[in-house]
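In: I would like to see how this sequence folds:
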Amino acid sequence: MPSDGDVSFSDWIGSSESFEDQVSLPRVRALAAMLGQDPQHIPEFLPPLWHWGFAYEPVTPGLVGDDGHPLRGGFLPPVSLRRRMRAGGRVEILGELAIGAGIRRVSTVTTVDEKVGRTGPLAFVTVEHRIQVEGHEVI
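Out: From the prediction side, this is the model:
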């Protein structure tokens, strides 16, 4: 299956982006309240999977596409197919994230597979996310 125009999606394999953040107490309290938990009783370390509330690039409404995702391009290949979705994932927790910790997320495109399905062309982009604290991977 040919890529969009003269673009080879395999050129994006290895591209990456990073974002730094802090596991701030106010945001942890807001996340707890959103999840129906008491925002005044916060543990010393984030519960598993709460890292998803941190180390992401905020996107203004003007930079969001019709599909609800950030506009195409950047470190991800510029696939022009109509819809995007998450198809799966795995999480390995290697350490804990303490409240107040400075963290860094590094995301890297590891594979781009183009296929043709019953409804037409598909592109599967695999992205690996690693969360680090002081240079040590924790997620």
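
In: Show me which positions of stretch 11-22 end up buried.
Out: Neighbour-count burial for stretch 11-22 flags Trp12, Asp21 (criterion: 16 or more other Cβ atoms under 10 Å). From N, CA and C alone the C-beta is placed, and that goes for glycine too.

In: I should have written stretch 99-119 there, sorry.
Out: By 16+ other Cβ under 10 Å, the buried positions in stretch 99-119 come out as Ile99, Ala101, Ile103, Arg104, Arg105, Ser107, Thr108, Val109, Val112, Glu114.

In: Over to stretch 40-52?
Out: In stretch 40-52, counting by 16+ other Cβ under 10 Å, buried: Ile42, Leu46, Trp50, His51.

In: Out of those residues, which comes closest to Leu31?
Out: Trp50 (6.2 Å; Cβ to Cβ).

In: Tell me who's in contact with the closest one.
Out: By Cβ atoms under 8 Å, 6 or more residues apart in numbering, the contact list for Trp50 reads Val28, Leu31, Leu97.

In: Between those residues, which sits nearest Trp12?
Out: The nearest one, if we look at the contacts of Trp50 relative to Trp12 and count by Cβ to Cβ, is Leu97, at 28.9 Å.

In: State the distance from the nearest residue to the closest one once chain neighbours are set aside to Ser24.
Out: Closest residue to Leu97 apart from its sequence neighbours, by Cβ to Cβ, 6 or more residues apart in numbering: Leu46 at 4.3 Å. According to Cβ to Cβ, to the nearest Å, Leu46 and Ser24 sit 11 Å apart.

In: and for these two, which residues touch both?
Out: Residues touching both Leu46 and Ser24 by Cβ under 8 Å, 6+ apart: Ile99.

In: Next, the contact list for Val91, please.
Out: Val91 sits in contact with Pro48, Leu49, Ile139, where contact means Cβ under 8 Å, 6+ apart.
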